[in-house]
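A.B. asks: Generate coordinates for the sequence data below:
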Amino acid sequence: MSALEVRRIGLGSDETDYEEMWALQRELHAARVADRRSDVVLFLEHSPVFTAGKRTEGWERPRDGSKVVDIDRGGNITFHGPGQLVGYPIVKLPPHVLVVDYVRRVEEAMIRTVADLGVTCGRVEGRSGVWVAADDRGPERKLGQIGIRVAGGVTMHGLALNACVDMDWFAKIVPCGIADAGVTSLSLELDRTVSTTEVADALEPHLRDLLAWEPYTASPDLAHAAPAATVSYGLSPHL
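C.D. replies: The predicted model follows:
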């Protein structure tokens, strides 16, 4: 198969409907499982939508009647919408790459991207995704999230990085099942507007590098982060 294809479907004003993109994911996933196409990553922004993974509890959901799409990825509930870069890697995992290894590679691509843009971030023990450490701005806060599914040895769903998303959306839910930390964006952390296109430009080379499946050196975890053993994001507790 040829090199990884990165397809930009909708960024900026070209928001995409979540359920249409989910259908496209399933189509591409089936073709990749059957080896009818090569690996592909979709970069896009969604129209506002809440999506609930298989571990979502009732108390995490919005109480104002907002629409929630229940989907087949792991993890809890989250928000996707304008100002958030979403990436859906649909890639076949080689035999030596386990699901946990894949998740760590996606996290690493996000961490390197955020660092390139000027924000210090990392992993938090017991919590998936990309985090900014507690400081005078507030407690630990989540900047990027991961929710995946692997079927037939091929991945789908993926990652989201908050560029300039309206944080008020996250106040409607308990994002990713976490009630003891915050959510943030690159724009808030850098005190300037960061577009999804800018984030996509920074993320693409790191995804290409890490999804080439070569050995890599992982970034360090955030220092002095409190563990959260009850949060599993649909993965095994040690992820």
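
A.B. asks: Which strand runs longest in the chain?
C.D. replies: For the chain, the longest strand by residue count, based on DSSP state E, is strand 141-151.

A.B. asks: Show me what secondary structure element comes after it.
C.D. replies: Using DSSP states H and E, the helix or strand that directly follows strand 141-151 along the chain is strand 154-162.

A.B. asks: ok, then the element right after that next one?
C.D. replies: In N-to-C order, the element after strand 154-162 by DSSP H and E is strand 182-183.

A.B. asks: and that following strand, what does it pack onto?
C.D. replies: Applying 3 or more Cβ pairs under 8 Å, 6 or more residues apart in numbering; DSSP states H and E, we find strand 182-183 packed against strand 141-151. Where C-beta positions appear, they are placed from N, C-alpha and C, glycine not excepted.

A.B. asks: and the angle from the strand it packs on to strand 154-162?
C.D. replies: Comparing the axes of strand 141-151 and strand 154-162 via axes from the mean of the first three to the mean of the last three Cα atoms, to 10 degrees yields an angle of 170 degrees.

A.B. asks: Show me which positions of strand 141-151 end up buried.
C.D. replies: Of the residues in strand 141-151, 141-150 count as buried by neighbour count, 16 or more other Cβ atoms under 10 Å.

A.B. asks: Max pairwise distance over those residues: which two?
C.D. replies: The largest separation in these, counting by Cβ to Cβ, is between Arg141 and Val150 at 28.1 Å.

A.B. asks: okay, which residue is most central for this structure?
C.D. replies: Geometric centre of the chain, nearest residue: Leu159, 1.9 Å, by Cα atoms, centre = their mean.

A.B. asks: contacting residues around Val86?
C.D. replies: Contacts for Val86 (Cβ atoms under 8 Å, 6 or more residues apart in numbering) come out as 42-46, 80, 158-160.

A.B. asks: hang on, the earlier thing: so which of the buried residues of strand 141-151 comes closest to Thr51?
C.D. replies: Gly147 (7.9 Å).

A.B. asks: ok, for that closest one, nearest residue in space, not its chain neighbours?
C.D. replies: In this structure, Gly147 finds its nearest non-sequential neighbour in Gly75, 4.0 Å apart by Cβ to Cβ, 6 or more residues apart in numbering.

A.B. asks: what's around Arg192, how many residues?
C.D. replies: For Arg192, the tally of surrounding residues (other Cβ atoms under 10 Å) stands at 10.
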